[in-house]
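J.: compute the structure for the input listed below.
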Amino acid sequence: CVVLFIVSLGKVATWDLLEQIAMADNYRANGVLHAEPGSDFIHGHSVYFPGVSLLAISLQFLGVDYYLVEVMLFLGLLAFLSFMYLLTKYAEYFSKYRYASKSFYSLIISYFLLGIPVYLEYALEFKPDTIALFLGYMGLSLCFFRNFNWVKYILGILMIGVAIVFKQQFIA
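T.: Predicted structure coming up:
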């Protein structure tokens, strides 16, 4: 976990995260995320859905300002680790064997390091995909994999909706 966070700190100057934070800064300064049409002042904005910007705005309202990029990168790491944990729970749920989660941790870590290291680097930059996958699949599991409960069902639907705010392709 510490090594992954140190690697993610090497991604401080990534344009896509900084564009989302620039949108959050513009919201605090002007009350809008995107530049107004015909405005003389053009600021940074992102072509992605504003989920990461809304998270940055929330953190700024909580008082995180000076180390906002580092906190966002740490949240990206937490989203990645949470998604890995959720994948192990899915493997455990669909497996016939009791030891599935123990062996799945080593399997998934090996797969991320050797099979798709580009995704690992991508996820550590706090791209919205990983947090959308985590929130969406967590919402789906609340809706379908546990004993039915209206509170869990509504919470699951809300999590799926928030996942769509981070990455609209989650609908697919």
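
J.: could you use CA atoms for every contact and neighbour count after this?
T.: Will do.

J.: tell me how far residue 61 lies from residue 55.
T.: From residue 61 across to residue 55, the span is 10 Å (CA to CA, to the nearest Å).

J.: of these two, give the one with the bigger neighbour count.
T.: Relative neighbour count places residue 55 above the other of residue 61 and residue 55, with 17 against 11, counting by other CA atoms under 10 Å.

J.: any idea which element that one lies in?
T.: Here residue 55 sits within helix 51-61, counting by DSSP states H and E.

J.: rounded mean pLDDT for that helix, please.
T.: Mean pLDDT, computed over helix 51-61, is 88.

J.: how about exporting it as CSV, limited to the C-alpha atoms?
T.: Below are the C-alpha coordinates for helix 51-61, written out as CSV (Å, rounded to 0.1, in the frame of the first residue of the first chain):
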residue,chain,number,x,y,z
GLY,A,51,-17.4,13.3,-10.6
VAL,A,52,-13.7,13.9,-9.7
SER,A,53,-14.3,17.7,-9.7
LEU,A,54,-17.3,17.3,-7.3
LEU,A,55,-15.1,15.2,-5.0
ALA,A,56,-12.4,17.9,-5.1
ILE,A,57,-15.1,20.6,-4.3
SER,A,58,-16.2,18.5,-1.3
LEU,A,59,-12.7,18.1,-0.1
GLN,A,60,-12.1,21.9,-0.5
PHE,A,61,-15.2,22.6,1.6
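
J.: what's in contact with it?
T.: Outside of helix 51-61, the residues within contact range by CA atoms under 8 Å, 6 or more residues apart in numbering are 17, 20-21, 23-25, 27-28, 65, 68, 72, 128, 162, 165-167.

J.: buried subset of those residues?
T.: Those of the contacts of helix 51-61 that meet the buried threshold are 17, 20-21, 23-25, 27, 68, 72, 128, 162, 165-167, by 16 or more other CA atoms under 10 Å.

J.: and which of these is nearest residue 116?
T.: Set against residue 116, the nearest of the buried ones among the contacts of helix 51-61 by CA to CA is residue 128 (17.6 Å).

J.: quick check: closest non-adjacent residue to that closest one.
T.: Of all residues not flanking residue 128 in the chain, residue 166 sits nearest, at 5.4 Å (CA to CA, 6 or more residues apart in numbering).

J.: which residues touch the one you found?
T.: Applying CA under 8 Å, 6+ apart to residue 166 gives the contacts 49, 50, 51, 52, 128, 129, 131, 132.

J.: good, wrapping up.
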